[in-house]
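# Need a 3D model of the following:
(one chain, ligands or ions: 1)
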Amino acid sequence: MAGPGTPPLRRTTVTRAEQRAFAARGHVGLAGLWDRDLAQAIAAEGRRRHAGAEIPRRGPRTPVPARRLPRRATPAASGPLLARVHLSLVGAARALTGRLLVPTFAAYGYYEGDDEVFLHIDTEQCDLTLLTVAFGDVGPLHVHPHLIGAGMERLGELEGDPAWDRDGGIRVTYPDSGVTALNGHVLPHHRPRRPVAGLSAVAALCYRSLF
Ligand SMILES: [Fe+2]
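Numbers count the residues shown, from 1 in each chain. Predicted coordinates for the structure are as follows:
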């Protein structure tokens with residue numbers, strides 16, 4: 001199966017336990033998908049591609065009230081290795097969700113100074129989102145099952161509300177040598193602001209369901 005240019009994934013399947021956890025919670029860690037060499041290659045590509053990173057034209061934009069200080073948009077870049085990993089994981093993505101998923105986009109998102117992500121749901125391009133820390137230091141994502149069904153306006157109101165508990169939600173850490181699989185178009189998520197020295201990047205692999 002592995003041919004030239006195919007990343008050496010250690011596994012491209014998921015377990016029943018992972019399927020069940022994803023179905024029950026809307027997120028699950030898939031650890032051990034790749035080895036150290038591939039992890040280092042992803043980190044190296046992520047660092048290399050930073051110079052050409054741009055603010056994506058599309059993507060979630062949480063409409064926060066003006067009183068909340070806007071954060072700098074997250075620059076993003078793609079890369080051929082990440083694109084191959086994206087394709088290589090389509091079988092695992094389908095097995096995990098039981099849906100006919102197709103790859104839509106894969107990108108490194110860069111954080112400098114802090115790792116904050118406003119409360120949002122992912123776009124319709126992301127019926128399944130796989131997330132991995134490419135390099136650097138990134139805090140856990142906080143997911144909010146009780147906010148399922150809330151639109152971006154409501155999520156923006158919460159994000160702009162100084163009384164909203166930014167430490168709330170369920171903390172989801174990123175597994176080693178693998179991804180966090182997230183039902184990101186349904187399950188609202190955010191990352192509270194935390195100062196981070198230097199540059200960090202999270203790679204996001206998105207899949208859309210044909211049906
Ligand atoms: Fe997201």
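
# how distant is the longest helix anywhere in the chain from the center of its chain?
Ranked by residue count, the top helix of the chain under DSSP state H comes out as helix 36-49. Its chain's C-alpha centre and that of helix 36-49 lie 17 Å apart, by Cα atoms, centre = their mean, to the nearest Å.

# Not counting its own residues, what contacts that helix?
7-9, 34, 77-82, 85, 108, 132, 134-135, 177, 199, 201, 203 (Cβ atoms under 8 Å, 6 or more residues apart in numbering). For the C-beta atoms, the positions are set from N, CA and C on the backbone; glycine is no exception.

# ok, now which ones touch residue 137?
So residue 137 contacts 115, 196-198, 200 (Cβ under 8 Å, 6+ apart).

# want to throw those into CSV with distance to the ion, neighbour count and pLDDT?
Shown next, in CSV, are the contacts of residue 137 (distance: Cβ to the ion, whole Å; neighbours: other Cβ atoms under 10 Å; pLDDT from 0 to 100):
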residue, distance to the ion, neighbour count, pLDDT
115, 13, 22, 94
196, 18, 17, 91
197, 24, 9, 92
198, 22, 10, 94
200, 16, 21, 97
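
# Could you look up the SS state of the residue of the chain found nearest the ion?
With Cβ to the ion as the measure, residue 122 is the residue of the chain nearest to the ion, at 4.4 Å. Following DSSP: H, G, I helix; E, B strand; the rest coil, the label given to residue 122 is coil.

# which residue packs closest to it, ignoring adjacent ones?
residue 184 (3.6 Å; Cβ to Cβ, 6 or more residues apart in numbering).

# Just want the angle from the helix or strand hosting residue 201 to helix 36-49.
Under the criterion of DSSP states H and E, residue 201 resides in strand 195-209. On the basis of axes from the mean of the first three to the mean of the last three Cα atoms, to 10 degrees, strand 195-209 is oriented at 100 degrees to helix 36-49.
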